[in-house]
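**Student:** Using only what follows, build the 3D model:
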Amino acid sequence: MANEAYYALGLDEVRFMPNAIAPHKESSGIDTKTRVMMTHLAIDGHDHFRLEDIEVSNGGVSYTFETMAKLTDREPGCEFYFIIGGDMVESLHTWHRIGELAELVQFVGIGRPGYKAETDYPVLMIDSPEMHLSSTMLRERVLAGRPLTFFVPEQVETFIRKERLYGPEPDAPKSEGTPS
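**Tutor:** Numbering: from 1, shown residues only. Model prediction:
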């Protein structure tokens, strides 16, 4: 999603913003420090990607409106785009202070299979290949001992397995072989 938005919109950069505690999402059980490390690993080597740690530094529950208000105060000349998947587009009406947030940022939506990405709020939808990929699916693959090849960068998969983040088997196969 990030790379598609970067090229489609001609952005200067894309910031990845892990949160301390998400208000809308059940915890994955992975601590903040570990999620930040996985973000670093995922974006390493991509000069147009960078980590934005404002929500992690603030701690507690992260509300996008408060975060973006702080960023626009800190960087008044910057035009912010907020990239979300089609599932999030459909739930914008539940976001904290969404009306004010929509005035601070330009939402950019990327389609996801099974979602219409319809909302009453202004969202710039960009064309992108749709992939059925979710954090739940990735965790289930790890638990089943299946590879994450092509779903996450190799260094992220290596870290997940080494740290046993989603399952007890660190040495699960990394590629699917032929049955014997």
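**Student:** rest of the way, CA atoms for contacts and neighbours
**Tutor:** Fine.
**Student:** Which positions in stretch 49-68 come out as buried?
**Tutor:** Judged by neighbour count using 16 or more other Cα atoms under 10 Å, the buried positions of stretch 49-68 are F49, R50, I54, E55, V56, S62, Y63, T64, F65, T67, M68.
**Student:** got TSV for those, with distance to H96 too?
**Tutor:** As requested, those are exported to TSV (distance: Cα to Cα, whole Å):
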residue	distance to H96
F49	27
R50	25
I54	18
E55	15
V56	18
S62	10
Y63	7
T64	8
F65	7
T67	11
M68	12
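**Student:** among these, which are in strands?
**Tutor:** For those, the ones inside strands are F49, R50, with DSSP state E as the criterion.
**Student:** Considering the buried residues of stretch 49-68, which member attains the minimum pLDDT?
**Tutor:** Confidence by pLDDT is poorest for S62 among the buried residues of stretch 49-68, given 86.
**Student:** how near is that residue to H132?
**Tutor:** Distance of S62 to H132, computed by Cα to Cα, to the nearest Å: 26 Å.
**Student:** Keep only those of the buried residues of stretch 49-68 that are in helices.
**Tutor:** I54, E55, V56, T64, F65, T67, M68 (DSSP state H).
**Student:** Go ahead and confirm the first one touches M17.
**Tutor:** In other words, I54. Yes: in this structure, I54 is within contact of M17 by Cα atoms under 8 Å, at 7.4 Å.
**Student:** contacting residues for I21?
**Tutor:** Remark: with contacts taken as Cα atoms under 8 Å, 6 or more residues apart in numbering, I21 is in contact with S27, G59, G60, V61, S62.
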